[in-house]
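Q: Below: sequence and its predicted model.
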Amino acid sequence: MKVFAFNGSPRKGGNIDILLAEAEKAVNTAGRAGNESHGRHEVHEWMRFDLNTMNIRPCQDCGGCDKTGVCVVNDDMARIRQAIRDADRIILASPVFFFGLSAQTKAMIDRCQAFWCEKYLLKRPLPGGPFGRKGLLLLVGGMKKEIGIQCSETTARAFFRTVSVPEHETVGFLDVDEKGAIAKHATALGDVYRAAERLVAIEKR
């Protein structure tokens with residue numbers, strides 16, 4: 001199973017970094033343990049993309065992908081598009097800035113317009129693959145109002161559905177602002193670990 005994580009935080013060693021490390025730990029542990037109910041050992045491939053270090057231009061709304069489903073802008077988004085195509089599981093992780101996803105995260109999502117054209121105009125949605133496609137959204141914000149989680153989740157939902165991820169879980173934390181403070185949160189690390197376990201669990205058929 002291929003699990004690809006997209007980190008939209010610009011802060012190294014920050015709260016999103018800590019949560020992604022916990023998610024990766026859960027995915028790797030699940031891969032080693034295997035799925036005994038299926039009598040086989042599942043090895044999970046983990047790959048993380050740090051969006052802040054990548055060259056991703058904002059969408060130009062040029063219409064270049066309307067008839068082909070292929071973006072005409074040549075930058076690091078090509079690597080991300082291929083990863084999205086190959087993924088069985090997608091983790092999207094972002095701090096909440098001004099009640100929304102970070103600019104790095106939003107730039108990547110906006111450039112998924114080519115997937116939107118491919119799915120809705122050309123009627124070629126991404127295939128589900130042997131494990132189906134599922135997502136996990138991780139959010140951390142300093143504000144205390146739920147609207148920050150709600151607005152971010154709405155944008156992320158549009159992203160997930162555009163790239164043919166029909167279901168995802170959202171795990172968000174409010175009133176966490178200081179760098180590294182999420183590690184002191186009473187439940188955060190455990191919540192994310194268990195969410196990542198659920199993400200890669202294979203349901204009985």
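A: Structure received.
Q: Can you give me every residue that contacts G135?
A: Neighbouring residues of G135 by CB atoms under 8 Å, 6 or more residues apart in numbering: 89-92, 160, 165, 167-169, 199. (Glycine included, C-beta is placed from N, CA and C.)
Q: Next, count neighbours for M54.
A: Number of residues near M54 (other CB atoms under 10 Å) recorded here: 16.
Q: wouldn't it be in contact with D76 here?
A: Yes. M54 is in contact with D76 according to CB atoms under 8 Å; the separation is 4.2 Å.
Q: what about G13, how many residues close to it?
A: With other CB under 10 Å as criterion, G13 counts 11.
Q: Help me confirm that it comes into contact with A183.
A: No. Taking contacts as CB under 8 Å, G13 lies outside contact range of A183: 10.5 Å.
Q: what do these two both touch?
A: Listed contacts common to G13 and A183 are nil; contacts here mean CB under 8 Å, 6+ apart.
Q: quick one: what helix or strand has K12 in it?
A: Assessed by DSSP states H and E, K12 sits outside every helix and strand.
Q: Quick check: it vs L122, distance?
A: Relative to L122, K12 is positioned 39 Å away (CB to CB, to the nearest Å).
Q: okay, and the helix or strand of this structure with the least pLDDT?
A: When the helices and strands of the chain are scored by mean pLDDT, DSSP states H and E, helix 15-33 comes last with a mean of 90.
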